[in-house]
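Participant: just need the structure, nothing else, for what follows:
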Amino acid sequence: MFEVTRPLGTAPESVTCSLCGSDARRVFSIPMVVRTSRALVAAIDHAEKSRYEPDVVASLPSTGARKRTPVLPLTPTLRRLPRP
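Facilitator: Numbers count the residues shown, from 1 in each chain. Have a look, this model is predicted:
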């Protein structure tokens, strides 16, 4: 089995096999289509579906430990501001 790729409309009626030298039967296939992994197809399908049917969530996803803001020393200017 071997493949010969030709531009559209330029393929001859038959091609000689490089192994046995006989005329090879022409088989038509989908032109230049690359097979995509299942994971990528699933991700594309999910993205397309979420465009029209977004997933409904009950709560926000957790971010792990809460980030604390660092305590800065109060400067004379900041001391006059109201505290929460």
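
Participant: quick one: the helices in this protein, in order.
Facilitator: Under the criterion DSSP state H, the chain carries helices at the ranges 38-52, 76-79.

Participant: show me what the helix or strand of the chain with the lowest mean pLDDT is packed against.
Facilitator: Ranking every helix and strand in the chain by mean pLDDT, DSSP states H and E puts helix 76-79 at the bottom, with a mean of 76. Applying 3 or more CB pairs under 8 Å, 6 or more residues apart in numbering; DSSP states H and E, one finds that helix 76-79 contacts no other helix or strand. (C-beta placed from N, C-alpha, C; glycine too.)

Participant: from the chain's centre, how far out does that helix sit?
Facilitator: 52 Å (CA atoms, centre = their mean, to the nearest Å).

Participant: buried residues in that helix?
Facilitator: The neighbour-count check on helix 76-79 (16 or more other CB atoms under 10 Å) flags nothing as buried.

Participant: just to revisit the earlier point, of all the helices of the chain, which one comes closest to L8?
Facilitator: For the helices of the chain, the distance to L8 is smallest for helix 38-52, at 26.7 Å, taking CB to CB.

Participant: wait, S14 sits on S22?
Facilitator: No - using CB atoms under 8 Å, S14 makes no contact with S22, being 9.4 Å away.

Participant: got the helices of the chain as TSV, with distance to A58 columns?
Facilitator: Shown next, in TSV, are the helices of the chain (distance: least, CB to CB, whole Å):
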stretch	distance to A58
helix 38-52	17
helix 76-79	40
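
Participant: of the ones you listed, which stretch is the most buried?
Facilitator: Comparing the helices of the chain by mean neighbour count (mean count of other CB atoms under 10 Å), helix 38-52 ranks first with a mean of 10.

Participant: avg pLDDT for that one?
Facilitator: Helix 38-52 shows a mean pLDDT of 86.

Participant: C17: neighbouring residues, count only.
Facilitator: 13 (other CB atoms under 10 Å).

Participant: and the closest residue in space to it that isn't next to it in sequence, how far is that from F2?
Facilitator: Leaving out its chain neighbours, the residue that sits closest to C17 by CB to CB, 6 or more residues apart in numbering is A24, at 4.7 Å. Distance, A24 to F2, by CB to CB, to the nearest Å: 7 Å.
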